[in-house]
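Undergrad: The sequence and its predicted three-dimensional model are supplied below.
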Amino acid sequence: MPGGRLTQSERQQIALGLADGLAYAEIARRLDRPTSTVTREVMRNGGPTAYRADLAHRATERRAHRRRQAMPRDPAAPAQPYGRDPEAVREYGEAFTTLIMQSGLPNKMAARVLVCLYTTDAGSLTAPELVQQLQVSPASVSKAVALLESLGLIRRERDEGRRERYVVDNDVWYQSMVSSARSNFQLAETARQGVTILGSDTPAAVRLENIARFVEFIGESVIRAAEQARDILYAKPESASGGTPEPGPDR
């Protein structure tokens, strides 16, 4: 399997694959590259709908040029545990940050803080630790943390040393999924109001009724699946590495 950075030709093949509606895994197979390489490449360069091979190639060259000219990073920055490749971890963090922003969190610093917390083994960090890992000012971290906390994406707690730590709660994924699914019921209700107004036997009303039934079914299915699979968010490392645990009853 080839290593090193993607070539311009490979980026053009990625763009063609996206245009053809191919999955990242299939594009990666055709390039003989890891799927993660293709995923990072696409997500850090506009996502699947906005990816352009020539723009992505120039952006990568600019980033490489800036890194060569940049001052050395803080020597006090912690080394990566478990022998992780620092560059691979950094690139993954950028791709994950881009994805979170595209999913509805427009504040980049808040997205970076959230990714930093999710990719930290402890699942929690203090403000000074976030400042050190992200190489940003304390004020930037403070604003990002305040936003994430207001959205319910993180919470505060104090450790044994009475230090305030910011924690990511796995259950936020369950709550977010259920909340999104419930919005389907509001859409169904609005669609059915149109059925009454337009007349139940008209083509427009039939269309709205079908929409209502569809989104209701999807919403109910998502909520049922989320409740059944909620325990997966709390699987122990042994279960997570050995396969997906069987969904259990409601927590």
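TA: Sure thing, it's come through. Note that the structure is a prediction, hence the values are computed from the model and not measured.

Undergrad: for this protein, which spans come out with low pLDDT?
TA: 1-4, 64-79, 237-251 (pLDDT under 70).

Undergrad: can you give me the strands in it?
TA: Using DSSP state E, the strands of the chain run over residues 124-126, 154-158, 164-168.

Undergrad: With respect to residue 96, which of those strands lies nearest?
TA: Evaluated over these, closeness to residue 96 peaks at strand 164-168, with 12.7 Å, by Cβ to Cβ. For every residue, glycine as well, the C-beta is placed using N, CA and C.

Undergrad: quick one: the residue sitting furthest away from the middle of the chain from residue 209, how far?
TA: Within the chain, residue 201 marks the point farthest from the mean C-alpha position, 43.3 Å out by Cα atoms, centre = their mean. Distance of residue 201 to residue 209, given as Cβ to Cβ, to the nearest Å: 11 Å.

Undergrad: quick check: domain ranges of the protein?
TA: The chain breaks down into these domains under automatic domain parsing: 8-67, 81-168, 171-242.

Undergrad: burial of the nearest residue to residue 34 once chain neighbours are set aside, as a residue count?
TA: Spatial nearest neighbour of residue 34, excluding adjacent residues (Cβ to Cβ, 6 or more residues apart in numbering): residue 28 at 6.2 Å. Counted with other Cβ atoms under 10 Å, the neighbours of residue 28 add up to 21.

Undergrad: isn't residue 28 right up against residue 42?
TA: No. With contact defined as Cβ atoms under 8 Å, residue 28 does not reach residue 42; the gap is 10.5 Å.

Undergrad: what residues are up against residue 220?
TA: Residue 220 makes contact with residue 181 under the criterion Cβ atoms under 8 Å, 6 or more residues apart in numbering.

Undergrad: ok, residues contacting stretch 46-65?
TA: Stretch 46-65 is contacted from outside by 5-6, 8, 11-12, 14-15, 18, 41-42, 45, 98-99, 102, using Cβ under 8 Å, 6+ apart.

Undergrad: ok, 6 Å please
TA: Contact with stretch 46-65 is made by 8, 11-12, 15, 18, 42, 45, 102, as judged by Cβ atoms under 6 Å, 6 or more residues apart in numbering.

Undergrad: cool, and stretch 173-186?
TA: 215, 218-219, 222-223, 226, 230.

Undergrad: With stretch 81-91 instead?
TA: Contact partners of stretch 81-91, identified using Cβ under 6 Å, 6+ apart, comprise 40, 80.

Undergrad: how about it: buried residues?
TA: If you call a residue buried by 16 or more other Cβ atoms under 10 Å, then stretch 81-91 has these buried ones: residue 91.

Undergrad: Start and end of that stretch, how far apart?
TA: Length of stretch 81-91, first residue to last, Cα to Cα, to the nearest Å: 16 Å.

Undergrad: Which residue, other than its chain neighbours, is closest to residue 80?
TA: Excluding its sequence neighbours, the residue lying closest to residue 80 (Cβ to Cβ, 6+ apart) is residue 86, at 5.1 Å.

Undergrad: Output stretch 119-130 as PDB - backbone C-alpha positions only.
TA: Taking Å, rounded to 0.1, in the frame of the first residue of the first chain, the C-alpha atoms of stretch 119-130 are listed here in PDB:
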ATOM      1  CA  THR A 119      -9.600  12.200  21.300                       C
ATOM      2  CA  THR A 120      -8.100  12.500  24.700                       C
ATOM      3  CA  ASP A 121      -8.000   9.100  26.400                       C
ATOM      4  CA  ALA A 122      -9.200  10.500  29.800                       C
ATOM      5  CA  GLY A 123     -12.200  12.100  28.100                       C
ATOM      6  CA  SER A 124     -11.600  15.300  30.200                       C
ATOM      7  CA  LEU A 125      -9.000  18.100  30.300                       C
ATOM      8  CA  THR A 126      -8.400  21.200  32.400                       C
ATOM      9  CA  ALA A 127      -8.300  24.700  30.800                       C
ATOM     10  CA  PRO A 128      -4.500  24.800  31.000                       C
ATOM     11  CA  GLU A 129      -4.300  21.400  29.300                       C
ATOM     12  CA  LEU A 130      -6.500  22.500  26.500                       C
END
